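S.K.: What would the 3D arrangement of this be:
(2 chains)
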Number of protein chains: 2
Amino acid sequence: MTKIKKVAVLGAGNGGHAMAADLTLAGISVNLFEFPEFEQNIDPIKKRGGIEITGVARTGFAEIKSVTTNLEEAIDGVSHIMVVTQSLAHERLAKDLRSRLKENQVIVIFAGSGGGLVFVKILKDDIKDKNLAIVETITLPYACRIKGPALVNVSRLIRGILAGVFPAKWTHQILKPLLEIYPSMMPAKHILEVAFYNPNVLLHPVASLFNIGRIEYSKGEFYLYREGFTPSILKIMDAVDREKMAILERLGLKPLSLNEQFMLRYGESLDKFLEKMKVLGSKGPFSAKHRYITEDVQIGMVFMATMGRELGVKTPVLDSIINVCSVINDADYWKTGRTAESVGLK
Amino acid sequence: MTKIKKVAVLGAGNGGHAMAADLTLAGISVNLFEFPEFEQNIDPIKKRGGIEITGVARTGFAEIKSVTTNLEEAIDGVSHIMVVTQSLAHERLAKDLRSRLKENQVIVIFAGSGGGLVFVKILKDDIKDKNLAIVETITLPYACRIKGPALVNVSRLIRGILAGVFPAKWTHQILKPLLEIYPSMMPAKHILEVAFYNPNVLLHPVASLFNIGRIEYSKGEFYLYREGFTPSILKIMDAVDREKMAILERLGLKPLSLNEQFMLRYGESLDKFLEKMKVLGSKGPFSAKHRYITEDVQIGMVFMATMGRELGVKTPVLDSIINVCSVINDADYWKTGRTAESVGLK
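M.R.: Okay, here's the model as predicted:
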């Protein structure tokens, strides 16, 4: 395989900023895309002509090759399309990409929670006709935060980025060039394995929902990692974790516990991670409409629970969280969420 | 019917203190009973020879006729047995009373959440043989709190005390003398109707569970009524309320919403009640093991949800709360709780 020379980064939030800057400084030509309605995310970058990046990745000022709200322009001539949008945007993005993709392009979905399956379903014909590959990873490679206009800080590089490839037989071949930019990528057995390993899906909703009274009473004067992970919250997370592992086991996959995931990701236990985050964690969430619920429950948890249902694995605690989050957000996440059926696995 | 002259009050918590004192000052001879393992509840009363009562009921010092841990002694010669223990004790108490009861005695269970059904099931033969009656009410007649040794304050008298009688055909006859001491008692259609109208079953668990992170993080520096009833909590309560009403409807009973219950109880809306309680409400709960969960979920909610199941009424929000409360208290409330089956209604 040849070295990666030109990529598109889709999504210009925290992760998109960090990735576009880091890869640019690594000598890769980057097209950064944002949806038109979020154009304000890229305005400062256009103004400055690039992104300043501080912290533990490559640092300095990165002149981004192209910054655009035109998807066709963004993916033109790139070998890899990096998807770092919220997972709520996956379906739309896959549909927008359909019939616009070129031969041999590779789509990499970061922290997908089953997003890979969404792309596989929607791009099915393209994948066959154009020899495409879909990669899904369990996490962004960067713990990062936008700190100002066109300024991003990376506080941590994530290790142990489990990555699944579709078609699975190409896993080795597809991951080889990616490993040059993200050496901590690790091959998963197949794309479905990684769908359950986004740790945010376990951490965020439980700590948010069972602190929702405090979040609302304090009007957002709330630090999830400082205040939120009390003994009862940890027990609920553990119960969800066991439901997740039962699903993986039923799929014939070796299940990792959340703690084992953390050992893999950070080389440290969940307890130690939570201890550190008491100091490092940022403020929020500020309401029930936060993506810790709208994204992590609607996408990640509904996918897990409906997969459990398909496989005959009971998930009473997951179900409970989804039920109550639906109530507080006047929604029915069982219907609007990412279900086994919606990714084509029913 | 003759006037009530002699009663037993079983349970010497807040409610037992208030009732024993108030009825004594009304000229009724009261035997106050407490379980031997809670003897410390009655030690101060024995020492002072009675209970001082302040607030809005009868006030003054009430010399309690008899204060005892001997159940047989407590119920000897009384026409009415007032049950004001936690509902968790109902089953044990009913078993202890079995074959000790005398002809024509009336057992009145306050804020029963289906406790009447428990007594009916366990005392079935006695009821027939000895011409007994069981009454269940939706609430204690007193909003009250122990303020010191043998000292209780009543902050509010409850109006609209819906009361169901078994056997139902005796409702009028049985309630008549009770109305002389509690004029705000109102006849229910039958004993099952009142089982769903204990408002604490809706208020306490929801506000406790969805603030559990705060309760634990603050180490009990938490005021449920001041901090707990935020918009999301109210939405969850409303969802549970709708499940409750669907069950009552299926039972052929006219369902009252929680707000209608409050209009009946206090002559004011739920909103106004919650507003007042921001000032009046006491501190707590302090942990997940509080009776707002151990009693209100295990007894009240499990009973509601399992009745729903028997009747083919879906109760996803109730079920969700029970599932998660089981997790945080390392229990299975579906098994240990008060079920439709355990009260003989399966």
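
S.K.: Please make it C-alpha for all contacts and neighbour counts, starting now.
M.R.: Fine.

S.K.: all helices in the stretch 51-200 of chain A, in order from the N-terminus.
M.R.: Here the stretch 51-200 of chain A has its helices, by DSSP state H, counting those that start in this stretch, at A:71-75, A:90-97, A:115-122, A:124-130, A:171-181, A:191-194, A:200-209.

S.K.: got the contact list for whichever residue of the stretch 51-200 of chain A sits closest to chain B?
M.R.: Relative to chain B, the nearest point of the stretch 51-200 of chain A is A:N200 (17.8 Å; Cα to the nearest Cα). A:N200 makes contacts with A:D296, as judged by Cα atoms under 8 Å, 6 or more residues apart in numbering or on different chains.

S.K.: Can you get me a residue count around A:H172?
M.R.: 12 (other Cα atoms under 10 Å in any protein chain shown).

S.K.: Skipping its backbone neighbours, what lies nearest it in space?
M.R.: Excluding its sequence neighbours, the residue lying closest to A:H172 (Cα to Cα, 6 or more residues apart in numbering or on different chains) is A:P187, at 7.5 Å.

S.K.: from what I can see the one you found touches A:G160, true?
M.R.: No. Counting by Cα atoms under 8 Å, A:P187 does not reach A:G160; the two are 9.7 Å apart.

S.K.: any idea how far the longest helix seen in chain A is from the chain center?
M.R.: Longest among the helix segments of chain A by residue count, using DSSP state H, is helix A:231-250. Relative to its chain's centre, helix A:231-250 lies at 20 Å (Cα atoms, centre = their mean, to the nearest Å).

S.K.: how is chain A carved up into domains?
M.R.: Here the domain assignment for chain A is A:6-194, A:200-336, based on automatic domain parsing.

S.K.: Who are the contact partners of the most far-flung residue of chain A relative to its centre?
M.R.: Relative to the mean C-alpha coordinate of chain A, counting by Cα atoms, centre = their mean, the farthest residue is A:Y217 (29.7 Å). Contact analysis of A:Y217 by Cα under 8 Å, 6+ apart lists B:227-228, B:230.

S.K.: I'd like these laid out as JSON lines, including neighbour count and distance to A:N329.
M.R.: Formatted as JSON lines, the contacts of A:Y217 follow (neighbours: other Cα atoms under 10 Å in any protein chain shown; distance: Cα to Cα, whole Å):
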{"residue": "B:E227", "neighbour count": "17", "distance to A:N329": "20"}
{"residue": "B:G228", "neighbour count": "29", "distance to A:N329": "18"}
{"residue": "B:T230", "neighbour count": "19", "distance to A:N329": "13"}
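
S.K.: Serialize those residues to a markdown table and add fields for pLDDT and distance to chain A.
M.R.: Below are these laid out as a markdown table (pLDDT from 0 to 100; distance: Cα to the nearest Cα, whole Å):
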| residue | pLDDT | distance to chain A |
| --- | --- | --- |
| B:E227 | 97 | 6 |
| B:G228 | 97 | 6 |
| B:T230 | 98 | 6 |
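
S.K.: for A:K278, helix, strand, or coil?
M.R.: Of the three states, A:K278 takes helix under DSSP: H, G, I helix; E, B strand; the rest coil.

S.K.: just checking, it touches A:R226?
M.R.: Yes. Contact status for A:K278 versus A:R226: in contact at 4.1 Å, counting by Cα under 8 Å.

S.K.: Pick out whichever of these two has more residues nearby.
M.R.: Comparing A:K278 with A:R226 by other Cα under 10 Å, the one with more neighbours is A:R226, at 19 against 16.

S.K.: which stretch of helix or strand covers the more buried one?
M.R.: helix A:224-227 (DSSP states H and E).

S.K.: How far does that helix sit from its chain's centre?
M.R.: Here the centre of helix A:224-227 is set off from its chain's centre by 21 Å, with Cα atoms, centre = their mean.

S.K.: elements contacting it?
M.R.: helix A:270-280, helix B:212-217 (3 or more Cα pairs under 8 Å, 6 or more residues apart in numbering or on different chains; DSSP states H and E).

S.K.: Tell me which residues are up against that helix.
M.R.: With Cα under 8 Å, 6+ apart as the test, helix A:224-227 has contacts from A:207-208, A:274, A:277-279, A:281-285, B:213-214, B:217.

S.K.: So A:N323 sits against B:T315, correct?
M.R.: No. Counting by Cα under 8 Å, B:T315 is not a contact partner of A:N323; they are 10.4 Å apart.

S.K.: more crowded one of these two?
M.R.: A:N323 (24 against 21).

S.K.: That one sits in which helix or strand?
M.R.: helix A:316-328.

S.K.: which other residues reach that helix?
M.R.: Residues outside helix A:316-328 that contact it (Cα under 8 Å, 6+ apart) are A:205-206, A:209, A:236, A:239-240, A:243, A:288, A:293, A:297-298, A:301-302, A:305, A:332-334, B:232-233, B:235-236, B:239, B:316-317, B:319-321, B:323-324.

S.K.: show me the contacts for the residue nearest the centre of chain A.
M.R.: Centroid-nearest residue in chain A, with Cα atoms, centre = their mean: A:A111, separated by 2.2 Å. If you count contacts by Cα under 8 Å, 6+ apart, A:A111 has them with A:84, A:87, A:136-140, A:198.

S.K.: would JSON lines of the residues you listed with pLDDT and neighbour count be doable?
M.R.: Output for those, formatted as JSON lines (pLDDT from 0 to 100; neighbours: other Cα atoms under 10 Å in any protein chain shown):
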{"residue": "A:V84", "pLDDT": "98", "neighbour count": "25"}
{"residue": "A:S87", "pLDDT": "93", "neighbour count": "24"}
{"residue": "A:E136", "pLDDT": "97", "neighbour count": "31"}
{"residue": "A:T137", "pLDDT": "96", "neighbour count": "30"}
{"residue": "A:I138", "pLDDT": "92", "neighbour count": "28"}
{"residue": "A:T139", "pLDDT": "92", "neighbour count": "25"}
{"residue": "A:L140", "pLDDT": "94", "neighbour count": "22"}
{"residue": "A:N198", "pLDDT": "89", "neighbour count": "23"}
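
S.K.: Pull up the residues of the stretch 151-300 of chain A that are close to chain B.
M.R.: With Cα under 8 Å from any Cα of the partner chain as the criterion, the stretch 151-300 of chain A meets chain B at residues A:207, A:209-214, A:216-217, A:227-233, A:235-236, A:239, A:288.

S.K.: Quick check: PyMOL command selecting the buried ones in those residues.
M.R.: Listed next is the PyMOL selection for buried residues among these, using 16 or more other Cα atoms under 10 Å in any protein chain shown:
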select buried, chain A and resi 207+209+210+211+212+213+214+216+217+227+228+229+230+232+233+235+236+239+288
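
S.K.: Next, the contact list for the closest residue to A:T59 other than its chain neighbours, please.
M.R.: With Cα to Cα, 6+ apart as the criterion, A:T59 has its nearest non-adjacent residue at 5.1 Å, and that residue is A:I53. Residues in contact with A:I53 (Cα under 8 Å, 6+ apart) are A:18, A:21-22, A:59-62, A:151-154.
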